[in-house]
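**Student:** Just to be clear, the model below is a prediction. Sequence and coordinates:
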Amino acid sequence: MVDKEGRCTHYSSLVDIIANKCYLCKKYYACYQCHDEQELHHFEAWPVATEPDAKVVLCGACQLEMTVSDYQKKAQCLNCGRLFNSNCSKHSDIYFS
């Protein structure tokens, strides 16, 4: 279950508002666990080195799509200013390769 800003049952704090795009299915999910529960394949990290300009991060508050570089520049959305969870950087290897 995902709320209107993209929070799921796995990550549900006020700042857990981003979704990441899976490289295989090209769909946004609140987290890799939500993806793996709904798809027949495991979440595959986006290859940033070969596709650095791809928009693969989504702000749940305003729906702005961002590149990984845009997302990692600040701890908040470049459009609406909503804060992102700084602990997400601990999982970046799951979402970006």
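**Tutor:** Now that the structure is in, tell me what you want to look at. Small disclaimer: the values here were computed from a predicted structure and weren't measured.
**Student:** gap between the residue lying farthest from the centre of the chain and Leu58?
**Tutor:** In terms of distance from the mean C-alpha position of the chain, Leu40 ranks first, at 19.4 Å (CA atoms, centre = their mean). With distances taken as CB to CB, to the nearest Å, Leu40 is found 22 Å from Leu58. The C-beta positions use only the backbone N, C-alpha and C, and glycine is treated the same way.
**Student:** Enumerate the beta-bridge partners assigned to Ile18.
**Tutor:** Cys59 (DSSP bridges).
**Student:** Number of residues surrounding it?
**Tutor:** 26 (other CB atoms under 10 Å).
**Student:** tell me the pLDDT at it?
**Tutor:** As predicted, Ile18 sits at a pLDDT of 95.
**Student:** Could you list the low-pLDDT ranges of this structure?
**Tutor:** By pLDDT under 70, the weakly predicted segments of the chain are 1.
**Student:** could you pull out the strands for it?
**Tutor:** 18-21, 28-29, 57-59, 65-66 (DSSP state E).
**Student:** Can you redo these as JSON lines, where the extra columns are distance to Ser97?
**Tutor:** What follows is these, written out as JSON lines (distance: least, CB to CB, whole Å):
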{"stretch": "strand 18-21", "distance to Ser97": "12"}
{"stretch": "strand 28-29", "distance to Ser97": "16"}
{"stretch": "strand 57-59", "distance to Ser97": "14"}
{"stretch": "strand 65-66", "distance to Ser97": "17"}
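**Student:** Tell me which of those lies nearest to Arg82.
**Tutor:** Ranking the strands of the chain by proximity to Arg82 (CB to CB) places strand 57-59 first, at 6.6 Å.
**Student:** now for that closest one, which elements pack on it?
**Tutor:** When contacts are defined as 3 or more CB pairs under 8 Å, 6 or more residues apart in numbering; DSSP states H and E, strand 57-59 sits against strand 18-21, strand 65-66, helix 68-73.
**Student:** Return the distance of the longest one from the chain's centre.
**Tutor:** The chain centroid and the centroid of helix 68-73 are separated by 11 Å under CA atoms, centre = their mean, to the nearest Å.
**Student:** re earlier: so which of the helices and strands packed on strand 57-59 gets nearest Glu44?
**Tutor:** The closest of these to Glu44 is strand 18-21. By CB to CB, the value is 10.0 Å.
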